[in-house]
Every structure is written in C-alpha cells, then in structure tokens.
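Q: here's my sequence, what's the structure:
(2 chains)
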Number of protein chains: 2
Amino acid sequence: MLLPMAPTDSLFLLGESRENPMHVGGLAIFTPPDGASATDMRAMFDIALTGGKVAEVFRKRARRSLTSLGQWGWETLADNEIDIEHHVRRDALPTPGGMTELTALISRLHGTLLDRSRPLWEMHLIEGLTDGRYAVYTKIHHALADGASAMKLLRESMSEDPHRRNMSAPWQVPHSLRSVPTPVAAKSSPQGSSLPATLWGASRAAVGEVAGLIPTTVRTMDRAVRGKGSAVSVTAPHTLFNVPIGGSRHIAARSFPLERIRLLAKHSDATINDIILAMSAGTLRHYLHERDALPSAPLVAMVPVSLRATDNADDRTAGGNRVGLLMCNLATHLDNPTDRLDVIRNCMNEGKDSLRAMSPAQVLAMSALGIAPLGMEMLVGQRGPQRPPFNIIISNIAGPRTPLYWNGFRLDTLHPLSIPTTGQALNITCTSSDDQISFGLTSCRRTVPDLNPLLDHLGTELELLETGAGL
Amino acid sequence: MLLPMAPTDSLFLLGESRENPMHVGGLAIFTPPDGASATDMRAMFDIALTGGKVAEVFRKRARRSLTSLGQWGWETLADNEIDIEHHVRRDALPTPGGMTELTALISRLHGTLLDRSRPLWEMHLIEGLTDGRYAVYTKIHHALADGASAMKLLRESMSEDPHRRNMSAPWQVPHSLRSVPTPVAAKSSPQGSSLPATLWGASRAAVGEVAGLIPTTVRTMDRAVRGKGSAVSVTAPHTLFNVPIGGSRHIAARSFPLERIRLLAKHSDATINDIILAMSAGTLRHYLHERDALPSAPLVAMVPVSLRATDNADDRTAGGNRVGLLMCNLATHLDNPTDRLDVIRNCMNEGKDSLRAMSPAQVLAMSALGIAPLGMEMLVGQRGPQRPPFNIIISNIAGPRTPLYWNGFRLDTLHPLSIPTTGQALNITCTSSDDQISFGLTSCRRTVPDLNPLLDHLGTELELLETGAGL
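A: Coordinates of the predicted model:
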C-alpha cells in the first residue's frame, strides 16, 4: 500500500541532489553508569541487532510509480524486508579518539546520500572515544522527520530513570510520527494495492498550493514587519556563505552550560534564543571580518520560532507544529557585542509581535514550510547572483528538560546537524538539554574549509556578552 | 585550462547515478617489517599528510562548462587548491577488528559517491586489524583510471626493495597516466583559458563514434565466433543477478595460493584465467541452484582479455591497452566441475583465436570500451526485461609479479573492487601477485544480501577441480 506523502515532505526528495543531501543528523554522546564501560553499550546494541522488531516509522520507504502519477508516497516494508545491518552500523575512531577524530568521522557520514531504495535512516554506533564515552550518530531524511520530530523520536526511546534496564533499541520503539491519509479509498481502487488516482491528484494539487504560498508568505511577513517600522528586512547582503555548494560536509560541535546562558539572558532582559543569535552574530562578524569579507549591511538570519502559545495536546494534534519564520537582523555592522544583542532582542520581539498579529491562515501558510533547511531559495528559485533573502538559518530546537538515560547510560550532549543548501553554505542549529546548550555547525566543506575558528569564537563571544552585561 | 576528456572516460561520468557509482577500488593489506607495527605505518602517513606535493594525476578535476559545449573535460588544480584531508582519510575498525569488520567497512565506503567538485579519488587508512596488519582502501573514479591503470599507480608508488625507506606517499608519486590532447590550439582560443569549440566538437563526435561502434562490435564478435561453430553465445539466460540495482554495496575478499592454481592449470592444460572462470562458474551454479534459480541454459560471462602480444613499450604507447571482450560460456548447466572447465577452456581458446583473426580496426573498436564495467547494456540501452547480453563480468587484472613494499611494509594482498551496474548486480575481479590470486567480489547489497556463501564456495570449487585433475 503506497500512501501519499505530505507535499512539504516530498519537496525534500524532489530537491535533493548529490550536492544537496536532504537529511538531518544528531550526534549523541553517552556516559556509562558506574561500573560499566562503553563496551557494555556496544554489547547491548549487538544483542538488539540480533532480534526484536523494527518500529514502523523505520520501515517506511519512499517510492513513486506510474500509479501514483509520479508523486512520492510511503510504503511500509515488512520486518523481514529490513536489512538492519545496512541501517545500524558499527564505527570506530582512529587514535587518539578525541573530538577531532569524532567530528572528522561525522563530517564524512553527514556528507553521503541515504539509499533511496530503503527506509531513509542510518544509525552509527561509534566506539573508540578515549574518554570512555560512547557516541551515536543518527541520520534521518528530512522527508521522514524534521529536527523537532527527530528529537521526539530520541526522547521516546529514552528514559528519565537512570535505573531502568532492558530498554529496546531506538529503532525498535514504536513511535507516532506524522499522520498520513487513512487508506479509506483503497477498496475502490482498481489496482488493489494503490490509492485511486484522484487521491494522488489531490496530493499533487497540495504541493502546488504550498509552493504558491511561499512568496505570499514572504511578502506578508515583509509587509507586516515593515508596517511596524522595524529594522527587519527580508533582503540581505551577499556574503561568502551565499554561494552554490558541493556535497562534502564539515561539522563542528560545542556545548555551553545552560546556566551561564540563562543568567546572561536574565541580566540582558533577553531570551535564551536571543543570546544564541547574538553569539552567532558576533561569530559570523568576526569570521567575515578576518577574511576582509564583512559586508557593510548587516547579515540577516532566518530564525524558526515556535508559535504554540499553550502546550495543549489537542492544539498540537490539530495544528501540527506551528512554526513561524522570522527574519532577524544580526547587526553585524556594529562593533559592540552588547549593541548587537540589543538590536537582535528588539528585532525578535517585534517580529514575534507581528507574527502573533497574523491571521491563522497566514500562520498556517508559514508553518507549512516547517523548519525549513530547504531554504526558500529552492522554492522561489532564487539561485542566481541576486541578493539572498537571508544569509543563514539559525535554529534552536527544544531538547529534553530532564536528564535522559538509555539502559543507565546518560545522554551527555546532543548536537543537532542540519542541511546546508544552495546559497546557504553554513547552518547553525542548537539544542538545549537539562544543563547545556549544544551547538551543531554544518557547512559545505569547500566553502567553509575550517569550522574551528567559528567554534572557538562562539566561546569568546559569550564571554564578551557576559562582560558587557556586568557578569 | 580545461582539456577534453577521452570520450570513453566521460561515459563513466555521464552514466553515473546514485544507484550506479562508477568508481573502482582496491583493498591493500600490509604486514609490518620486523620490529615495526601498524602504528608506524599510520605515523608515516601522518607525516606525509603534513607536507609534500600532490601528484598531478590526483589534482585533475572533472568539469564541464558552456565553453566546452557541455562536455566533460579535465582541469588540473594547483597544489594549494587540494584539501588533502578530504581525500586521505583515517578509519578504524570496531572490535574485534577481523575480516568481517574490514569488509563491512569497505562495503560502505565502496557504496558512496565521490565528490565531483574535487579530484575523483579517496584513500582510506585503516587501523584496528587485530592481526597487527594495516589496510588501505583506495577509490578512484573510472573516468580517471580503470582497474589496470589503478594497478599501475599502485606499482609505481611501491618498491621491490624491502629495505628502501623515505618513500613518498602514493598520492605524491608522479605518475604518467593516460594521454590528453596537447593544448596546441590554446593560443588561438578567444577565451584564453579554454580550448576552441572546434576541438570540443571533435571530442563530441568521437563519443558518438565509440557509442556507435558497440553494437557493431557485438555483432562482429557474435558472427566471428558463430562462424567457427563455437558454443559461445552473446545472449544469456535471465538470472537473479540481471536486475536493476540499488546504490548500496557488499564486498567480499579471499585469496588463494598462486602455486595451487598454477599447478591445477598445468594439469588441466588450461590457463590461470580458465581456472578462475571455472571456480567462478561452479560458485555461481551452486549459489543459484541452492536458491532454486539456476536457469537451464548456461550463464555467459563477459571476460576482458589482453590482446597485447608483446610487452613492447612503443606498442603500448601507440595503442593503449588493447583489450578484447570475450563472451564465455560458463557451462553452469553441467554438474561436473571438470566438464565445466573443459567447456570454458575450449570456449576461451576459440574466442581468442577469433579475436586474433579480427582486423586492427575491429580490435580497436573493442579496445575503445576498455575494461568495461559500465556494461554494454548502458550503451546499447538494454535496460528492459529482455535477456541480458551476458550474466556477469569476470576480470583478471595482472598484478605485480614480485613482492612489493612501501617503506618496508610488505603488500600482502590486493583485492580489486569493481562496479556492479544496472542488470549486472555482481562483479568478480581478481588480481595476481607474486604468490597469490586475490578475488574481489562486489555486489548490489539488496540483490545479493550475503556474499559469504559465494566466498566459501570458491574454495570448495577449487578443491573439486583439483580432485578432478587427480591432484
């Protein structure tokens, strides 16, 4: 049974190429409980690999055929059709087994395409960290799960109880991800195993509808924001990040204590998200300045923000993830970190006000984009030398608020890895945990040959902001 | 300066897709000299990575542009444009670090596409073999080098002298691979850095010429062979190997003592190549028979054979590698291994006779195909459910005849890894060394989910043939 794919999801298959892989990733690092070692975690995975059923979400394969009018749909494979050793792979770090070796490995794993003839995910079990920890890198196609959904999958496969044992492997835990149309019309289909063409036609119309909404959304946002006299703009200067990209990736990861950022936010009358943006802004300014490539106009970031006022379950079911997209002035033309934070905070506040003032239809149009690493460029076709609509996507995905464990192994850090695209060679995504904010930087390896200067400067920028706030 | 690519080479770029990566590979395993360890080899590579120039052949990038009329050409990058850490990568095996872990890693590395925005090669330095050896997997796009050329690159970077030290890394050794048109016309080009369009036009015409020759070649071969009343056929039964493939790979590697195969060949009045074909034939028969999938008609292998009578250097320069393509009846309908060897030997002898009887133009047409893992199917467009022209490509690439060393580390074995294609889900390639014949099996992971039965049966088949020959 081939079920139509949500139009926004299929865009990630249609837009994919060897230069633009469309998967998201996560690098999780675990600390063994007292008396256990990384080898024990490996042994538990080995046992899981020999048995147990693969959860349905990890058996979904993307397919298109003549009967689906060439559109992408999902089919669910039987458990015995899954080659689990293709999906779950053992890796090891070369000596000395530090973060350098780990990020080098993940950079390469994040730069290869998933096999489209199988369910679109991989999980890499990585041994050889010299500090005794164990790393797991997961890679999921954006058509199957966006960053927030992937986070949900992770949370559901773990426990808040450090003493819980006999837990299933993450790929064995039943998850409830995304709704697909129920196959009510199946019986009337002459093909038996396919949905009638009319349903596929409806699905195709929806793709057009979503694509058509995007320029409208941009215009709406622009007007709404300009109407309030804000400094926000949906045009941005050209920078060295806004170029065509290759298929190889660099990734870099660094964590900061949540308490430090929370304290700074409090003293600056800002949100944690504002601080993340200010740290990123200073880092981008420094990187471009050092290369004599800082434009005089400020850089613009596209920032996905959650619009859900309540955590009401009904609301969540009805509306899905209501995500608004804000264009944030990063004030990279200003020299003083605290001045930059002021501009960013005001810009985000005004932007959120104007988003709240939008009609439900407008919000829905925007939400349809999801957390859109695909970039609007791909959809509105701005691949030429025009000025980019924004310079970088900076996302902050809400992570778990309590410590999480898998069979007693504590999840130390989780670095999200996202999708650079044509015109967007660098992506910054963060997740929060109970005690940390973890940055994941993902770039086109050719455009940004070394991410370490950026990583280092994030720390410098945090210190400068703290000094500016009198901390 | 963009120089036109040989038409046959560019076919491997044109024909490539995520399901059909077009690179060849080699897995080399080294034994440390007395008093040294695998760690020392790693240390030598580390030093090489910090300096030294990258040889020209490894700085060639494939590119096409408007001025090249959309055709592929080569441009040579400057040394400082090479991101050597992209090309030379450190890998490690998970515990226990045996052949299972090694082939699992190589299977994955062999299944990912090379980055087309860079020179088309990767070298993986692999530590963690529990037996104290060191492995190096090299991956080169077929547009840059075929199996024989890759072998030449390897030989040139090594020494017959076990005591030689301070040798450069393989990517630093100047090689003389393939000739490209000399840029004599460059000065008259209005673009300055490009060849005139007429030269590109000539290059394009040559592609058509080669493609046009192929059906002719097949017909010629067919007629020539049939004229001699041979059992050889250019049609073949359909088997489970002759299906569309996915992008994931399985590889398997096994070596046999050269002396054993040489003795068997002598007692059977056969060549070493005949024995390799007979071992493969029995293995394929067994594999298909066990799956109730053995066709009643015998399988047909396409076997590239060298047509160079002399080892004369002038001849080599003038004619390139003169490779003939034979269709060999594998006699898989016969139960007795010795009977199968008889058919194979006769078939190969008759085929070689008829190749020798061909005109130089006919041979050139055939040689233009090179050692063609691309398959004729891709070129003649036989992707439908028709009977395949052959069932499998079985190649035997001449390897070094003396022991080879790199800084004292002995090259133990070299397993060649080739290219499964649409309709050809399994490939068998061998290389000989001074004391071994090494098999490399490369398959579509979905079509042939486990290569171990094939690997095991190669040994069984050799024993059966030995028994049949009274050994």
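
Q: sec struct for A:R254, please.
A: Following DSSP: H, G, I helix; E, B strand; the rest coil, A:R254 is assigned to strand.

Q: hang on, it packs against A:G459?
A: Yes. A:R254 is within contact range of A:G459, at 7.3 Å (criterion: C-beta atoms under 8 Å). Quick note: C-beta positions are derived from backbone N, CA and C, even for glycine.

Q: so these two - more neighbours on which side?
A: A:R254 (20 against 13; other C-beta atoms under 10 Å in any protein chain shown).

Q: retrieve the pLDDT associated with the residue in the stretch 201-350 of chain A that chain B sits nearest to.
A: Taking C-beta to the nearest C-beta, chain B has its nearest neighbour within the stretch 201-350 of chain A at A:G246, 3.8 Å off. The score at A:G246 is 88. That number is its pLDDT.

Q: quick one, what contacts it?
A: Applying C-beta atoms under 8 Å, 6 or more residues apart in numbering or on different chains to A:G246 gives the contacts A:E19, A:C444, A:R445, A:R446, A:T447, B:D115, B:R116, B:S117, B:R118.

Q: kindly report the same for A:G468.
A: A:N336, A:P337, A:T338, A:L341.

Q: pLDDT value on the second one, please?
A: The pLDDT attached to A:P337 in the predicted structure is 97.

Q: which residues touch it?
A: If you count contacts by C-beta under 8 Å, 6+ apart, A:P337 has them with A:A278, A:G282, A:E461, A:L464, A:L465, A:G468.

Q: ok, for it, nearest residue in space, not its chain neighbours?
A: A:L464 (4.4 Å; C-beta to C-beta, 6 or more residues apart in numbering or on different chains).

Q: could you give me the buried positions within the strand or helix carrying the one you found?
A: In this assignment (DSSP states H and E), A:L464 forms part of helix A:452-468. By neighbour count on 16 or more other C-beta atoms under 10 Å in any protein chain shown, the buried set for helix A:452-468 is A:L454, A:L455, A:H457, A:L458, A:E461, A:L462, A:L464, A:L465, A:E466, A:G468.

Q: with pLDDT as added columns, please give these in CSV.
A: What follows is these, written out as CSV (pLDDT from 0 to 100):
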residue, pLDDT
A:L454, 97
A:L455, 95
A:H457, 97
A:L458, 97
A:E461, 97
A:L462, 98
A:L464, 97
A:L465, 98
A:E466, 97
A:G468, 96
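
Q: is it true that A:L404 touches A:L411?
A: Yes. Here A:L404 reaches A:L411: they are 4.6 Å apart, a contact under C-beta under 8 Å.

Q: mutual contacts of those two, please.
A: A:M158, A:S433.

Q: who has more neighbours, the two?
A: Of the pair A:L404 and A:L411, A:L404 is the one with more neighbours under other C-beta under 10 Å, namely 24 against 21.

Q: now do the phi/psi pair for the more buried one.
A: A:L404 adopts backbone torsions of phi -120, psi 150, taken as degrees, to the nearest 10.

Q: not counting sequence-adjacent ones, nearest residue to it?
A: Spatial nearest neighbour of A:L404, excluding adjacent residues (C-beta to C-beta, 6+ apart): A:M158 at 4.1 Å.

Q: likewise A:I272?
A: A:A265 (5.2 Å).

Q: next, that neighbour: secondary structure please.
A: Judged by three-state DSSP, the three-state class of A:A265 is helix.

Q: so who does it touch?
A: Taking C-beta under 8 Å, 6+ apart, we find A:A265 in contact with A:T271, A:I272, A:D274, A:I275.

Q: just A:R155 next, same as before
A: A:P400, A:L404.

Q: so what's A:P174 closest to, chain neighbours aside?
A: Using C-beta to C-beta, 6+ apart and skipping the chain neighbours, the partner closest in space to A:P174 is A:A55 (5.1 Å).

Q: what's the spacing between the one you found and chain B?
A: Distance, A:A55 to chain B, by C-beta to the nearest C-beta, to the nearest Å: 21 Å.

Q: quick one: neighbours of that residue, just the number.
A: Around A:A55 there are 21 residues (other C-beta under 10 Å).

Q: before we move on, the earlier item: which of the contacts of A:A265 has the largest number of neighbours?
A: Counting neighbours by other C-beta under 10 Å, the top entry in these is A:I275, with 28 neighbours.

Q: what does chain A have sitting close to chain B?
A: Contacts of chain A with chain B, taken as C-beta under 8 Å from any C-beta of the partner chain, map to A:18-19, A:39, A:42, A:83, A:85-86, A:89-95, A:101, A:104, A:108, A:111-113, A:115-118, A:125, A:127-128, A:246-248, A:445-446, A:449.

Q: just the buried residues of the residues you listed.
A: Listed as buried from the residues of chain A next to chain B are A:18-19, A:42, A:83, A:86, A:89-94, A:101, A:104, A:108, A:111-113, A:115-118, A:125, A:127-128, A:246-248, A:445-446; burial here means 16+ other C-beta under 10 Å.

Q: ok, back up a step: make JSON lines out of the contacts of A:A265 and add pLDDT and secondary structure.
A: Below are the contacts of A:A265 laid out as JSON lines (pLDDT from 0 to 100; DSSP: H, G, I helix; E, B strand; the rest coil):
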{"residue": "A:T271", "pLDDT": "95", "secondary structure": "coil"}
{"residue": "A:I272", "pLDDT": "95", "secondary structure": "helix"}
{"residue": "A:D274", "pLDDT": "97", "secondary structure": "helix"}
{"residue": "A:I275", "pLDDT": "98", "secondary structure": "helix"}
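
Q: closest one of those residues to B:D46?
A: Nearest to B:D46 among the contacts of A:A265, counting by C-beta to C-beta, is A:I275 at 39.5 Å.

Q: so the closest one sits right up against A:L263, yeah?
A: No. Checked against C-beta under 8 Å, the pair A:I275 and A:L263 is beyond contact range at 9.9 Å.

Q: quick check: A:D339 touching A:A331?
A: Yes. Contact criterion C-beta under 8 Å: A:D339 and A:A331 qualify, at 6.9 Å.

Q: more neighbours: which of the two?
A: A:A331 (25 against 13).

Q: tell me the contacts of that one?
A: A:A331 makes contact with A:A281, A:P298, A:D339, A:R340, A:D342, A:V343, A:I344, according to C-beta under 8 Å, 6+ apart.

Q: who touches the fifth one in this structure?
A: This points to A:D342. Residues near A:D342 by C-beta under 8 Å, 6+ apart: A:A331.

Q: what strand or helix carries it?
A: Using DSSP H and E, A:D342 sits within helix A:337-356.

Q: I'd like the next helix or strand past the worst-scoring helix or strand of chain A on mean pLDDT.
A: Ranked by mean pLDDT, DSSP states H and E, the weakest helix or strand in chain A is helix A:313-319, scoring a mean of 37. Counting by DSSP H and E, the next helix or strand C-terminal to helix A:313-319 is strand A:323-329.
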